[in-house]
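*Asks:* Sequence below, structure please.
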Amino acid sequence: MLLLHTYYLDNGNNKMAIQQADKLLKKHKDLHCAKVLKAIGLQRTGKQDEAYALAQEVAALEPTDDNSLQALTILYREMHRPELVTKLYEAAVKKVPNSEEYHSHLFMAYARVGEYKKMQQAGMALYKIVPKNPYYFWSVMSLIMQSISAQDENLSKTMFLPLAERMVEKMVKEDKIEAEAEVELYYMILERLEKYKEALDVVRGKLGDKLTSELQSRENKCMAMYKKLRRWPECNALSRRLLLKNSDDWQFYITYFDSVFQLIDESWAPPAEEEHSLEGEVHCSVEQAVEFIEERITEESKSSRPLRGPYLAKLELIRRLRHRGCNDEYKLGDPEELMFQYFKKFGDKPCCFTDLKVFVDLLPPSQYSKFIRQLLEVIPLSAAAENEVALPGDIKALQQHLCVVQLSRLLGIYHAMDKKEKLTVVRELMFRYRHGLEFGKSCLKTELQFSDYYCLLAVHLLLDLWLEGEEAAVWQCLTLLEEGLAHSPSNAQFKLLLIRIYCRLGAFEPVAELYSSLDAKHIQHDTIGYLLTRYAESLGHYAAASQSCNFALRFFHSNQKDTSEYIIQAYKYGAFEKIPEFIAFRNRLNSSLHFAQVRTERMLLDLLLEANISTSLEESVKSMSLSPEEDDIPWKDLRDNRDLTVLFSWDPKDRDISDEHRKLSLEEETLWLRIRSLTLRLVSGLPTLSHTIQPKNSEKTAENGVSSRIDTIRSLLQQLEAAVDSGKKFLEQKIQTISIALWVSSYCDSVLRPFKSNLQKKKKKKKESSVAMPPVFTHFLDYVTELQTLTSNVIDHIKGLEIILTALKLEELSLKDTLHLQEEKKFTKTVQGKVQSSYHHSVQEIGELLKKRLDTIKKLKI
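*Replies:* Residues are numbered from 1 along each chain as shown. Okay, the predicted model is just below:
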C-alpha cells in the first residue's frame, strides 16, 4: 500500500495519494510514514498549513524509521524549511547514538543550513563511531568554513585555522593521510594561514606525490607558492622547464617573462658553484629570454602540429621590452613582419584575429593600411570578371579574408570612411556573406555558418551610420540580422544584436522569443538577464515583463538550495577546495545587482497590475510581506555581474567599452534601483498611515527611540527626493506615476470619507444648515476631477495611437542609397511586421491598464 502511495506521488497524482493514505490510516492510525506521505500530497495541492500540522505531529513523536525520516526530509525541502531536518535527525541520533547513517544525515542537514560549528561537532562524533578518514576531514573542513564565515579575521587566523592545522598535523605524524583530498585540505589551510614555506614543503615532499588527479597539479601549486614567496629564480626555472615539455602553454610564458624581468630589476646573478635554484637553470637577462624564445620557435618548426605559443611569445616579449623602454626589441625582429608571418601560418584559423588583436598596438597608425593590403595579397581570391569582387575558393581562404576584415575594423579603417564608402563596404560584405553560405550547405541547424561574421560586420557598419543620424539604417540592420538568423538559427550574436536593437526601437514583443531561443543556462540568467528584464515593463509589455521577472527569480531563489546540494556533494567526494568557491558563488548571486532589480521590479509590477484593481493596496502589500521600515537590499555589497562584453565588438580601443563606462553604468543602475526601491517602500507604507499612530511627542516613543510611521514615510520621501534629484536624466514612467498618484488618492479618500461623515453627523445633531465644510473636501474633489480628466485624455491619445499604428506603412522606411535584393525585401517585411505588432500590443496593454485605473478613480467620491 505504501509503495502504491509513493507511486501516485512520483507520478504527480497527489489527490489519489491523499486518498490512499487516508485508507491506510483508517487501518493503521499510527503509521508515521503514511501520515508524512499524506502531508506531501497536501503540500503539493496547496494545503501548506494542513501539511505542516500533520508533519509536526509525526516529528513530535521523534521517529527513527528510515521511511518516515526520508519522507519528512523530502517534505521539509519542498516547504523550504531545511532547519526542521536538523531537528529531526538530532532527535534520531539521540535515540540511535551509534548509527553511522543518521549521524551522516545530521551532518549533511547542518551543511544545508550552514551550521559550521555543529558540522564540526557532528563530523567528530561520526569519526568516533566509525573512524574513517573522510569523517575526520569533514570536521577539519567545517573549521575552515567557520574561519571563512567569521566576521573577525583575527579570530579566523588565531583560532579556527590553527586548530584545523593541528588536527591535520596529528594525522600526518601518525601517517594516516590516505587521499589526495586530505593533502589538498592541508595545503588550503597553510595557504590561508599565509604559511607559504610550509605549504611549499608539503607539495614538494612525500605528501605531494598524492596530487595526481589534475594535470600539473603539483607544479601549479609550487608555482603559486614561489610567487607568494617572491622566489623568482624558482618561478623562472620551473616555468622554463614546463615550457620545454609543452611550448604551447601560454600561462607559463607569462610567468617566465614576469620572473625574467623581476630578476633583472633585482640585479640577480646565479651563484658561481651551486645550483641556480631548487628547480634548475635560471634565465635572468633579456639575451637569454630572446634566445630561449628563438629556440622554442626552432623546435616548433620540427613539430608535426603547428603551435601558436612560441610565435605569440615573441610578440609578447617585444611588447614588454617596448613598454620598459628597452632597445633590445630589434633582436626579435619587426612586429609588422612577425604578425604578417603569423597570419600566413595561422590566418585560416578562427583564433588568428583574437591572437593578433592583443598586439596591433605594436604597429604605427601610418602602417595600418599598408599592413592590411599586405595581408590581402597573400589570400587566394579569384574574380569571375575584372571589376567583380574577388571571392575565396575554399573555407581556408574565407577564414583568412574574414580575419583581415576584422582587423580592418579593429584598426579603425572602416570608421574613417564616409557614408557612401560604408554602404559600399556593407554591400560587399553581404555579397561575401551570401557567397560563403555555399560552403555551409551541409551544416546542421545547431552549427554556425562559416561566413556569419561578414553579416555581423556589415550590421556593425550600419549601426555606425545609425548612431551618426541615419535613422533608416537601423531597419537595414534588423533585415540583415533576421536574414542571418534564418540561415544560422543557433547564432547567439545575431540574437543578442536583434534583442538590443528591438529594445532600442521600443519593440519588446520579438525580444522574449529571441531570449528564450538563446537557451541561457544557470549563471547566464544573472550575467545577460538584464537584456530582457530591463526593458519589458518600461516598453508597456506588462505580461511579458511579469513572465521574464519570474523566470529570473526562479533561478536566484533556487541558488540557495542548489548551492547547498553542491556543498554536500563536495563533502561526500572530498572536493574540499571547491566548497569555499561554492560559498563565494552563492554570496555573489545573493548580492547581485540584477537580483535586487528584478525583485524590486517584480513587486512594483504586481502592485501596478493588481493593487486597487483585483485586490486592495493593503492586501497586495500584506501578501508581499512589505514594510516601509525594511530595506533588504545589500547596498554596500552589491555586485555588478552583468556581462557587458557579451556582444562581439571589433571597435578600436578608443571606441570600446572602458572602465569609466562600466563605472558610470553601475552608478546609473544603482541609482535607479534606489529610486525604485524607495518608491516601493513608500507605496507599502500608505496602508499603514490610516492605522492608529502613536503621538509624536509621547514619552514612550522618545524613550524607546521608535519613530512613528509618518516619520518613516517622511524620511523615505526625503531620500526619494534626493535620489530623483541625482538621477534627473532618467525618463519618468508615466503609467506608474498615474498608479502611484491613484494609490495616494485612495489613501486620502479613506481618511477624508469618515472625516466628512463625522462632520455631517455633528451638523445634523446641532441642526445647523450653514456650517461651512473645510476647503480640503472641495480641493480633493477638484483634484480627483482633474486626475480623471488627465487619465481620460491619455486613454483617448492611446486610442489615436492605435489608429495611427494600424494605418502606418513602415515599408516606406528604407535607406535611399540601398537597393534591396528580393530576399532582403522578404526579411524587411518580417521585421516591420514584428515592430508594428509590438507597438500595437504595447499600446493596447497600456490602454487596458489605464481603463482599469480610470474605473478606480471614478469611485473616489467623498
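*Asks:* which SS class is the closest residue to Cys503 other than its chain neighbours?
*Replies:* Counting by C-beta to C-beta, 6 or more residues apart in numbering, Cys503 lies nearest to Tyr535, which is 4.4 Å off, once chain neighbours are set aside. Every residue, glycine included, has its C-beta placed from N, CA and C. Reducing the assignment at Tyr535 to three states with DSSP: H, G, I helix; E, B strand; the rest coil gives coil.
*Asks:* And the strands in this protein, which stretches?
*Replies:* Counting by DSSP state E, the chain has strands at residues 381-382, 391-392.
*Asks:* Dump these to TSV, plus distance to Asp152.
*Replies:* Listed next are those as TSV, based on distance: least, C-beta to C-beta, whole Å:
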stretch	distance to Asp152
strand 381-382	68
strand 391-392	65
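*Asks:* Buried deepest among those, which one?
*Replies:* Counting by mean count of other C-beta atoms under 10 Å, strand 391-392 has the highest mean neighbour count of the strands of the chain, with a mean of 20.
*Asks:* tell me the average confidence for that strand?
*Replies:* Averaged across strand 391-392, the pLDDT comes to 94.
*Asks:* Packing partners of that strand?
*Replies:* The contact analysis (3 or more C-beta pairs under 8 Å, 6 or more residues apart in numbering; DSSP states H and E) places strand 391-392 against strand 381-382, helix 395-410, helix 419-436.
*Asks:* among the ones you listed, which is nearest Glu337?
*Replies:* Nearest to Glu337, of all those, is helix 395-410, at 15.6 Å by C-beta to C-beta.
*Asks:* Now the closest one: buried residues?
*Replies:* 397-410 (16 or more other C-beta atoms under 10 Å).
*Asks:* Output the residues you listed in a markdown table, with distance to Glu667 appended to each entry.
*Replies:* A markdown table is the format used below for the buried residues of helix 395-410 (distance: C-beta to C-beta, whole Å):
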| residue | distance to Glu667 |
| --- | --- |
| Ala397 | 47 |
| Leu398 | 44 |
| Gln399 | 41 |
| Gln400 | 43 |
| His401 | 42 |
| Leu402 | 38 |
| Cys403 | 38 |
| Val404 | 39 |
| Val405 | 36 |
| Gln406 | 32 |
| Leu407 | 34 |
| Ser408 | 35 |
| Arg409 | 30 |
| Leu410 | 29 |
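*Asks:* distance of Gln308 from Asn793?
*Replies:* If you look again at residue 308, you'll see it is Arg, not Gln. Separation of Arg308 from Asn793 (C-beta to C-beta, to the nearest Å) stands at 66 Å.
*Asks:* actually Ile144, not the one I typed
*Replies:* From Ile144 across to Asn793, the span is 65 Å (C-beta to C-beta).
*Asks:* what's the answer for Leu463, then?
*Replies:* From Leu463 to Asn793 the distance is 37 Å (C-beta to C-beta).
*Asks:* Give me the more crowded residue out of these two.
*Replies:* Leu463 (18 against 10; other C-beta atoms under 10 Å).
*Asks:* give me every residue that touches the residue nearest to that one when sequence neighbours are not counted.
*Replies:* For Leu463, ignoring the flanking residues on the chain, the nearest one in space by C-beta to C-beta, 6+ apart is Cys477 at 6.0 Å. Applying C-beta atoms under 8 Å, 6 or more residues apart in numbering to Cys477 gives the contacts Val459, Leu462, Leu463, Trp466, Leu497, Ile501.
*Asks:* any idea of the pLDDT on Cys477?
*Replies:* pLDDT for Cys477: 95.
*Asks:* where does the protein have low pLDDT?
*Replies:* Counting by pLDDT under 70, the ranges of the chain that qualify are 1-14, 29, 690-707, 728-736, 738, 763-772, 809-822, 862.
*Asks:* Okay, helices next: where are they in the stretch 351-500 of the chain?
*Replies:* 352-357, 368-377, 395-410, 419-436, 452-467, 473-487, 492-504 (DSSP state H, counting those that start in this stretch).
*Asks:* Gly833 is nearest to which of those helices?
*Replies:* helix 473-487 (10.7 Å).
*Asks:* Could you check the angle that closest one makes with helix 492-504?
*Replies:* Computed by axes from the mean of the first three to the mean of the last three C-alpha atoms, to 10 degrees, the angle separating helix 473-487 from helix 492-504 equals 140 degrees.
*Asks:* Direction-wise, compare helix 473-487 with helix 419-436 and give the angle.
*Replies:* 10 degrees.
*Asks:* Can you give me the buried ones in helix 473-487?
*Replies:* Neighbour-count burial for helix 473-487, counted by 16+ other C-beta under 10 Å, picks out 473-485, 487.
*Asks:* would a markdown table of those with distance to Leu505 be doable?
*Replies:* A markdown table is the format used below for the buried residues of helix 473-487 (distance: C-beta to C-beta, whole Å):
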| residue | distance to Leu505 |
| --- | --- |
| Ala473 | 12 |
| Val474 | 7 |
| Trp475 | 9 |
| Gln476 | 13 |
| Cys477 | 10 |
| Leu478 | 8 |
| Thr479 | 13 |
| Leu480 | 15 |
| Leu481 | 13 |
| Glu482 | 14 |
| Glu483 | 18 |
| Gly484 | 18 |
| Leu485 | 17 |
| His487 | 23 |
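*Asks:* From the residues you listed, pick the one nearest Gly280.
*Replies:* Nearest member of the buried residues of helix 473-487 to Gly280, counting by C-beta to C-beta, is Gly484, at 53.5 Å.
*Asks:* Quick check: nearest residue in space to the closest one, chain neighbours excluded?
*Replies:* Spatially, and ignoring its direct neighbours in sequence, Gly484 is nearest to Cys455 (4.2 Å; C-beta to C-beta, 6+ apart).
*Asks:* Any figure for the gap between that neighbour and Leu437?
*Replies:* Distance of Cys455 to Leu437, given as C-beta to C-beta: 10 Å.
*Asks:* which one of the two has more residues nearby?
*Replies:* Each of Cys455 and Leu437 has its neighbours counted (other C-beta under 10 Å); Cys455 has more, 28 against 18.
*Asks:* wait, doesn't that one sit right on Tyr433?
*Replies:* Yes: proximity of Cys455 to Tyr433 meets the contact threshold set by C-beta atoms under 8 Å, at 4.6 Å.
*Asks:* joint contacts of those two?
*Replies:* Common neighbours of Cys455 and Tyr433 (C-beta under 8 Å, 6+ apart) are Gly484.
*Asks:* re earlier: wait, which of the strands of the chain is closest to Val130?
*Replies:* Proximity to Val130, assessed across the strands of the chain by C-beta to C-beta, is greatest for strand 391-392 (67.9 Å).
*Asks:* Contacts for that closest one next, please.
*Replies:* Defining contact as C-beta under 8 Å, 6+ apart, one finds that strand 391-392 is touched by Ile379, Pro380, Leu381, Ser382, Ala383, Leu398, Gln400, His401, Arg432, His435, Gly436.
*Asks:* please redo it, this time with the cut-off set to 10 Å
*Replies:* Around strand 391-392, the neighbours that count as contacts under C-beta atoms under 10 Å, 6 or more residues apart in numbering are 379-384, 397-402, 431-432, 435-436, 438-439, 450-451.
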